[in-house]
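Participant: need a structure here:
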Amino acid sequence: MTDLGTLGRSYAGAKGINNLGDVVGYASTPGNESMHAFWYRDGAMQDLGTLGGVHSFAMDINENGQVVGTSQTASEGDRAFVYENGAMTALGVLDGLHSAGVDINEAGEVVGYADNEDGFWRAFLYRNGQMFDLGTLGGTTSWAASINGSGQIVGTAKTLRDEEHGFLFSNDVMVDLNELIDPLSGWTIVSANGINDRGQIAATGFMSGVGSRALLLDPIVANAVPEPAMLG
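Facilitator: Now for the predicted structure:
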């Protein structure tokens, strides 16, 4: 176990790691004890700075050393960012004031959430310099949590009944994961939190009489997920 240290005060939290062992997260700084995104590599913690505001938070890093996260700006609200080649770049917003970057794949595609003009959070994909609204499952809000190397995205979205369901976004279509599992299984997938390059999905499900459980969804054909297996 290695203590990665801080940026000068008493707190630090790690959020992401790549296969090279580089770690990103956020740590408190001297003075006003603001939180700054950090990148730990080669035995040292590097302060990534901000987009002009007080706080920044790094959430993930890919094999190319691209770091994704969220930073306050001087006057325009929070912005999702990518940090690479020594510079932090804001990714913009949808139609609102704020955005947050959560995950990045090896192609540099970023997912997260941003508010729209009505103030509702919407899952987004940032690719080729543009931020795309991924939509919802019929409700008002959605949040993207993870993207794999094939560009498949998972997250959580509200339905027409204002329920939170896990989703899979693939081939430009958002699908309710509950439509892809056995309807007789008894499970309701309430959130999807990670997807790997094999298409396996880490999710949270609920079953009456059982409660909430961590679930692993294994694809059996393209864009299809069988009955979930409960992680013990």
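
Participant: how about Gly155, what does it touch?
Facilitator: 111, 113, 123, 134, 142-146, 166-167, 169, 191-192 (CB atoms under 8 Å, 6 or more residues apart in numbering). To be clear about C-beta, it is placed using only N, CA and C from the backbone, and glycine gets the same treatment.

Participant: what pLDDT does the closest residue to it other than its chain neighbours get?
Facilitator: Spatial nearest neighbour of Gly155, chain neighbours left out: Ala144 (4.0 Å); criterion: CB to CB, 6 or more residues apart in numbering. With respect to pLDDT, Ala144 scores 98.

Participant: thinking again about what came up before, what's the PyMOL line that selects buried ones from the contacts of Gly155?
Facilitator: To isolate the buried members of the contacts of Gly155 in PyMOL, using 16 or more other CB atoms under 10 Å:
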select buried, resi 111+113+123+134+142+143+144+145+146+166+167+169+191+192
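
Participant: three-state assignment of Gly49?
Facilitator: What DSSP: H, G, I helix; E, B strand; the rest coil gives for Gly49 is coil.

Participant: isn't it right up against His36?
Facilitator: Yes. Proximity of Gly49 to His36 meets the contact threshold set by CB atoms under 8 Å, at 6.6 Å.

Participant: looking at the two, which one has more neighbours?
Facilitator: His36 (23 against 15; other CB atoms under 10 Å).

Participant: quick check, the more buried one in a helix?
Facilitator: No. His36: not assigned to a helix; according to three-state DSSP it is strand.

Participant: can you tell me which residues contact it?
Facilitator: Each residue near His36 by CB under 8 Å, 6+ apart is listed here: Leu7, Tyr26, Ala27, Thr29, Asp47, Leu48, Gly49, Thr50, His55, Ser56.

Participant: among those, the buried ones, what's the PyMOL command?
Facilitator: With 16+ other CB under 10 Å as the criterion, this PyMOL line picks the buried residues out of those:
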select buried, resi 7+26+27+29+48+50+55+56
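
Participant: which one of the contacts of His36 is nearest Leu215?
Facilitator: Tyr26 (28.8 Å; CB to CB).

Participant: got a list of what the closest one touches?
Facilitator: Tyr26 neighbours (CB under 8 Å, 6+ apart): Ala12, Gly13, Lys15, Met35, His36, Ala37, Phe38, His55, Ser56, Phe57, Ala58, Gly69.

Participant: rerun at 6 Å
Facilitator: Gly13, Met35, Ala37, Phe57 (CB atoms under 6 Å, 6 or more residues apart in numbering).

Participant: and it, what helix or strand is that in?
Facilitator: Under the criterion of DSSP states H and E, Tyr26 resides in strand 23-28.

Participant: could you spell out the sheet neighbours of that strand, each with its direction?
Facilitator: strand 12-17 (antiparallel), strand 35-41 (antiparallel) (DSSP bridges).

Participant: gap between the first one and the chain center?
Facilitator: On the basis of CA atoms, centre = their mean, to the nearest Å, strand 12-17 is displaced by 13 Å from the centre of the chain it belongs to.

Participant: quick one: contacts of it?
Facilitator: Strand 12-17 is contacted by residues Thr6, Val23, Val24, Gly25, Tyr26, Ala27, Met59, Asp60, Ile61 when judged by CB under 6 Å, 6+ apart.

Participant: output that strand as PDB, nothing but the C-alphas.
Facilitator: What follows is strand 12-17, C-alpha atoms only, in PDB (Å, rounded to 0.1, in the frame of the first residue of the first chain):
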ATOM      1  CA  ALA A  12      -6.700  13.400  -1.100                       C
ATOM      2  CA  GLY A  13      -8.900  11.000  -2.900                       C
ATOM      3  CA  ALA A  14      -8.100   8.700  -5.800                       C
ATOM      4  CA  LYS A  15     -10.700   8.200  -8.600                       C
ATOM      5  CA  GLY A  16      -9.000   6.600 -11.600                       C
ATOM      6  CA  ILE A  17      -6.000   4.500 -12.700                       C
END
